[in-house]
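Engineer: Any chance you could fold what I've pasted below:
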Amino acid sequence: MSVSTEHSQTMYRRQVLGMPVALLWGFVAVACFMVGDGIEQAFLSKYIVQLGFTLTQSALVFTVYGITVAVAAWLSGVFADTWGPRRTMVIGFIIWVIFDVGFLTLGLSTKNYPMMLVMYGLRGFGYPLFCYGFIVWIAYVSPKHKLSSAMGWFWFMYSIGIGVIGSYLPSFTIPHIGFLGTLWIAVGWILVGGLMGVFLIRDKFDIKETDLPLKEKVRELLSGILIVKERPRIITAGIVKIINQLSMYGLPIIFPIYFTSKIGFTTSQWLQIWGDMFLVNMFMNVVWGFIGDKIGWHRQVMWFGCVGTAVTTLLFYYVPLFAGKDYWLTVFVAILYGVSLAAFVPMSAIIPSIAPDRKGAAMSIHNLASGISNFAAPAIVAGLLPFFNIQGVVWTFAVIYVIGAVLSYFLKVDQKAVSEDSPEMRTDSAVSYNN
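Structural biologist: Numbering: from 1, shown residues only. Presented below is the predicted three-dimensional model:
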């Protein structure tokens, strides 16, 4: 893969607060794309139940989707390196539109459960190819000393899309056009974001077809898994990374039913509560990055991430149960949950620092673990609901976070050596929804 020397030098100069100017529309495209992809996150499970399916069946839909997301997240770098970031983004864009329309028309509209599983599952290949393909573009265009800032901008825009607008917007549209109408609005956001990414990004990225064939790149990617034998601690770090996002992907499956049917909030109120959580979480990623550099990465993950999220997950469930329909008190505990969830941000620095000589392979484990969370969380919900109620599922997540705290104790790294050797791995700019 090559970028002309003149072009590289130009891109080194054209930075605004760490953002490559030539990729500006790409960042905007990611935000729009993730609005469309995330708009259903906090209400789709409730809608599927309202169509007559069980909560367990709803969780299985998310589980199948999570499997394809994990696979696509793992392979996106190989595809971007082989076909180029723009082409990879186009493929992700097309996949998302085709299979989402299929999901809405052949699945939800006809209440055809097998088609819901197939279409929503295949749609899961879309957003990782689009968004993670763009990450590769950022990595090649950005100067090394500005890379973490550029990545921070990516995750900031990603979070605005999926977490903030994607949560608030349906709270206003559902009362007027319903669940299905809101899901069709998502297609519009995807079209806007996808077309921006395809046509408006000014950078002309040059890929040499003779670089490496796909077969060799896939073999290279698979060889990265061998790092778990060379550095066994990466397995521990990968497990903690999976634990990081379990409740974030699991609670939106059970909480829409819990908060609207049990507590008495409207769907719009629940969506705004979830959006408030994400809004605070987005900014706390930055704050926790600075704190982690001061108090120690593994210590922060262990106490504030794992233990903190275990406690706040339970508070998120029990406070509304005992206090009743108190909107602002519920918002408060949701914010506490978002704050503790953001404390996991140093994991993006811990994992590559365990293998500083093989950061690429280490980050492939990081991305794979992030993807696994997408299906592990709904799989836990689907597996437990037939035997336990929502309360039992919440307690399971809390216990898993406590286990994560024990594992985090073994993730001590030499932060000073990592920071001095590789500035791009510093957590003070590791702003990430996928923290």
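Engineer: Do a quick rundown of the strands in the stretch 1-150 of the chain.
Structural biologist: Using DSSP state E, counting those that start in this stretch, the strands assigned to the stretch 1-150 of the chain run over residues 15-16, 19-20.
Engineer: Which strands and helices lie in contact with the first one?
Structural biologist: Put plainly, it is strand 15-16. Here strand 15-16 is seen to pack against no other helix or strand when contacts are counted using 3 or more Cβ pairs under 8 Å, 6 or more residues apart in numbering; DSSP states H and E. Placement of C-beta: from N, CA and C, glycine included.
Engineer: which phi and psi does the closest residue to Trp297 other than its chain neighbours have?
Structural biologist: Spatial nearest neighbour of Trp297, chain neighbours left out: Pro346 (3.6 Å); criterion: Cβ to Cβ, 6 or more residues apart in numbering. In terms of degrees, to the nearest 10, the main-chain angles of Pro346 are phi -70, psi -10.
Engineer: Determine the number of other residues adjacent to Pro346.
Structural biologist: 29 (other Cβ atoms under 10 Å).
Engineer: what about it, distance to Ile243?
Structural biologist: Taken as Cβ to Cβ, to the nearest Å, the spacing of Pro346 relative to Ile243 amounts to 14 Å.
Engineer: picking up where we left off before, would you mind finding the most buried of the strands of the stretch 1-150 of the chain?
Structural biologist: Among the strands of the stretch 1-150 of the chain, ranked by average contacts under mean count of other Cβ atoms under 10 Å, first place goes to strand 19-20 (a mean of 24).
Engineer: quick revisit: which one of the strands of the stretch 1-150 of the chain lies closest to Phe154?
Structural biologist: Among those, strand 19-20 comes nearest to Phe154, with 9.1 Å by Cβ to Cβ.
Engineer: Strand partners (parallel or antiparallel) of the closest one?
Structural biologist: Strand partners for strand 19-20, identified by DSSP bridges, are recorded as strand 15-16 (antiparallel).
Engineer: Tell me who's in contact with the nearest residue to Ile67 once chain neighbours are set aside.
Structural biologist: Counting by Cβ to Cβ, 6+ apart, Ile67 lies nearest to Phe375, which is 4.6 Å off, once chain neighbours are set aside. Applying Cβ atoms under 8 Å, 6 or more residues apart in numbering, we find Phe375 in contact with 62-67, 69-70.
Engineer: Make sure Phe375 is indeed in a helix.
Structural biologist: Yes - counting by DSSP: H, G, I helix; E, B strand; the rest coil, Phe375 falls inside a helix.
Engineer: Show me the shaky parts of the stretch 301-435 of the chain.
Structural biologist: 358-361, 363, 415-435 (pLDDT under 70).
Engineer: can you give me the helices for it?
Structural biologist: Counting by DSSP state H, counting those that start in this stretch, one finds helices in the stretch 301-435 of the chain at the ranges 308-323, 327-342, 347-354, 359-384, 390-408, 415-421.
Engineer: ditto for the stretch 101-250 of the chain
Structural biologist: Per DSSP H, counting those that start in this stretch, the stretch 101-250 of the chain has helices spanning 113-123, 126-141, 147-159, 166-199, 214-223, 227-230, 233-244, 246-257. These are given in chain order.
Engineer: Off-centre distance for the last one?
Structural biologist: Between the mean C-alpha location of helix 246-257 and the chain-wide mean there is a distance of 14 Å, by Cα atoms, centre = their mean, to the nearest Å.
Engineer: what's the answer for stretch 87-103, then?
Structural biologist: Relative to the chain's own centre, stretch 87-103 is displaced by 18 Å; criterion: Cα atoms, centre = their mean.
Engineer: How about stretch 384-393?
Structural biologist: When distances are taken as Cα atoms, centre = their mean, stretch 384-393 is centred 25 Å away from the chain's centroid.
Engineer: Likewise for stretch 162-178?
Structural biologist: Centre to centre, stretch against its chain (Cα atoms, centre = their mean), the figure for stretch 162-178 is 19 Å.
Engineer: For that stretch, buried residues please.
Structural biologist: Across stretch 162-178, burial judged by 16 or more other Cβ atoms under 10 Å covers 162-171, 173-174.
Engineer: again with stretch 315-326
Structural biologist: Within stretch 315-326, the residues that count as buried by 16+ other Cβ under 10 Å are 315-317, 319-320.
Engineer: Would you mind putting these into a markdown table with distance to Gly338 alongside?
Structural biologist: Compiled in a markdown table, the buried residues of stretch 315-326 are given as follows (distance: Cβ to Cβ, whole Å):
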| residue | distance to Gly338 |
| --- | --- |
| Leu315 | 12 |
| Phe316 | 10 |
| Tyr317 | 15 |
| Val319 | 14 |
| Pro320 | 16 |
